[in-house]
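In: Quick check, what structure comes out for this input:
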Amino acid sequence: MARKIKWGVLSTAKIAQEKIIPAMLKGKFTEITAIASRDLNKAQETAKKFGIPKAYGAYDELLHDGDIQAVYIPIHNHLHMPWINSCIED
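Out: Sure, this is the predicted structure:
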């Protein structure tokens, strides 16, 4: 039996809440373990809304979570590369 991949979501962006997170929650092999925002309250509210166990008030905190196996980055396109590099380095 295949195991679920433990995902972290690096933002509480509208597209994440309206499209990505609902789709991931339906996935047979996906489990959203954590969500991060630059605002801890937003992360906590979104985590509660979707039943996500962990919420972080900084993106770096999510990247240092040893339970996370993959990261979805729903932020502005020009910011993708710096955060992808941060994911690789951590």
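In: CA only for contacts and neighbour counts going forward, please
Out: Fine.
In: which other helices and strands contact the biggest strand by length in the chain?
Out: Across the chain, the longest stretch assigned as strand under DSSP state E is strand 30-36. Applying 3 or more C-alpha pairs under 8 Å, 6 or more residues apart in numbering; DSSP states H and E, one finds that strand 30-36 contacts strand 5-9, helix 21-26, helix 40-50, strand 54-56, helix 59-63.
In: mind putting these in TSV, distance to P74 and mean neighbour count included?
Out: Putting those into TSV (distance: least, C-alpha to C-alpha, whole Å; neighbours: other C-alpha atoms under 10 Å) gives the following:
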stretch	distance to P74	mean neighbour count
strand 5-9	8	21
helix 21-26	10	14
helix 40-50	14	17
strand 54-56	15	22
helix 59-63	12	20
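In: Generate a markdown table for these, with mean pLDDT and distance to Q69 as supplementary columns.
Out: Formatted as a markdown table, these follow (pLDDT from 0 to 100; distance: least, C-alpha to C-alpha, whole Å):
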| stretch | mean pLDDT | distance to Q69 |
| --- | --- | --- |
| strand 5-9 | 96 | 5 |
| helix 21-26 | 96 | 14 |
| helix 40-50 | 98 | 18 |
| strand 54-56 | 98 | 14 |
| helix 59-63 | 91 | 10 |
